[in-house]
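Sharing a model that was predicted from the sequence below.
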Amino acid sequence: MKRLAKSLIASAALCVAALSPACADMDVARLKAVIETSFEADYPKLDALYKELHAHPELAFEEVKTAARLATEMRALGFEVTEKVGKTGLVAIYKNGEGPTIMVRTELDALPMEEKTGLDYASRAKTVWNGRETFVAHSCGHDIHMANWVGTAKTLIGLKDQWRGTLMFIAQPAEEIVQGARAMLADGLFTRFKKPDFAFALHAGGIPYGNISYRVGVGSSHVDGLYIKFRGRGGHGAMPQRTIDPVMMAARFIVDVQTVISREKDPTEFGIVSIGAVHSGTVGNIIPDDASVLGTIRSFKPEVRAKMLAGIERTAKAVAAMSDAPAPDIRLEEGTKAVINDPAVVATAEKTLKAAFGEKLRLTPANTTSEDFSEFAGAGVPSMMFNIGVYDAEKWVAANKSGTPLAGNHSPQFAPVPKPTLQTGITAMTLAVLSAFDQHARGK
């Protein structure tokens, strides 16, 4: 099979147009067939890598073993690898003559949650996070992204007669807390290494595999972190009149803050506040001294964000004042800005991906989730992020009809189907990178 794949790749080198301004368009159909044949030969190793990563997840800035595993894979492919960029990130460089530098990013980190898929390779990993023991799981799909990243790198090396330039594959830590991209940039990502001409990333999500969605311009939301500590006066649960109950303040805030969304923000504009954690007390018969509320704030537009931040702060102070409590400790911390997909980069990739995937390539509205891939575009790199599906189409349709959709990202039940998901991702990412090399070679 490996000899056949090499033969087909060599044949494709003759059949697919060389990357120069004078040549004809890329033969996308033929090139896609070559990529898929190569994938079939490589899949057993990619499957093993994916399941290994899935079973051994690590949290943000703790991805030491994960990064080392990827570094080994990339060195075996001939990349020059630098580790510990931005704490636990890595940068892998492969030079193939004169041409643009194209960056492909994956994430390394997992989530502090328990997996409940029942898969034979499910994660049972645990660690201590924020002072508490927690399970750890790749419930967002970063394990798929990493296997896709390695597979795309291997495929592009196998097709190096088809492009000229430099591959810059980066593995970024701490995406889940939207700090990893900023950490890599602060550690000299674009000064120690050449700043890329283009950048690509993908994300797996709960739609049928074989499908690809993309956006032009705004692709995700701006995110801010919310931390509020309500300070009260603790005491016996049987004598609440002697206390100032911070749990009541937290509960009132959680409800009242939603009026900022429903009554102060323009209902035609996107903006949400989600509370993900409440920390307070030890037992049921003691009113504690304080209660902490943690959440996220998401928006597309700066003016909507500003209104929401002001409303959240005002609501928290009002809740404390109503209870005659001390002023709360309020921290509203900027996370990361919206991903902006560059129209020119998207237009180039769109043409190639449309030829390869037809109607399975879909233009969709912006995601309401957030992503610190945005930091690279913010640093001046024209970028594109797209999404791929992970589920069998028939099961997905049946689940939606039943009223119980298949699990999405961040669910303990999130369980991508590995082979078709990786085949779509590797094929799409390889073609997107090749389209950028091709466009640059043509001087367009």
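Thanks, I have it. Numbering: from 1, shown residues only.

contacts and neighbour counts: CA atoms only from here.
Fine.

And the lengthiest helix in the chain, what does it pack against?
Longest helix in the chain by number of residues (criterion: DSSP state H): helix 28-55. In this structure, helix 28-55 packs against helix 2-15, helix 142-158, helix 343-357, helix 418-441, with contacts taken as 3 or more Cα pairs under 8 Å, 6 or more residues apart in numbering; DSSP states H and E.

residue ranges of the helices in the stretch 151-300 of the chain, please?
180-186, 246-256, 258-259 (DSSP state H, counting those that start in this stretch).

how about the strands in the stretch 301-444 of the chain?
Secondary structure of the stretch 301-444 of the chain (DSSP state E, counting those that start in this stretch): strands located at 329-336, 340-341, 361-363, 383-391.

so can I have TSV of the ones you listed showing mean pLDDT?
Converted to TSV, these look like this (pLDDT from 0 to 100):
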stretch	mean pLDDT
strand 329-336	94
strand 340-341	94
strand 361-363	96
strand 383-391	97
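
could these be laid out in TSV, adding mean neighbour count?
Converted to TSV, those look like this (neighbours: other Cα atoms under 10 Å):
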stretch	mean neighbour count
strand 329-336	17
strand 340-341	24
strand 361-363	16
strand 383-391	25
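
Same list, these, but as JSON lines with distance to Glu63 please.
Formatted as JSON lines, those follow (distance: least, Cα to Cα, whole Å):
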{"stretch": "strand 329-336", "distance to Glu63": "20"}
{"stretch": "strand 340-341", "distance to Glu63": "27"}
{"stretch": "strand 361-363", "distance to Glu63": "33"}
{"stretch": "strand 383-391", "distance to Glu63": "23"}
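
Among those, which comes closest to Ile93?
The closest of the strands of the stretch 301-444 of the chain to Ile93 is strand 383-391. By Cα to Cα, the value is 18.2 Å.

Give me the contact list for that closest one.
Strand 383-391 is contacted by residues 198-215, 219, 339-342, 345-346, 376-377, 415-418, 420-421, 424-425 when judged by Cα atoms under 8 Å, 6 or more residues apart in numbering.

Centre of the chain to it, how far?
Mean-position distance between strand 383-391 and its chain equals 10 Å (Cα atoms, centre = their mean, to the nearest Å).

same question, stretch 368-385
Remark: stretch 368-385 is offset 10 Å from the chain centroid, using Cα atoms, centre = their mean.

Repeat that for stretch 431-439.
For stretch 431-439, the distance to the chain centre is 22 Å (Cα atoms, centre = their mean).

Also stretch 173-184?
10 Å.

now what about it, what contacts it?
59-61, 63, 85-89, 107-111, 172, 335-336, 371-373, 375-376.

Of all the strands of the stretch 301-444 of the chain, which one is nearest Asn96?
Taking Cα to Cα, strand 383-391 is the member of the strands of the stretch 301-444 of the chain nearest to Asn96, at 21.3 Å.

Quick check: neighbours of that closest one in the sheet, parallel or antiparallel?
strand 198-208 (parallel), strand 212-214 (antiparallel) (DSSP bridges).
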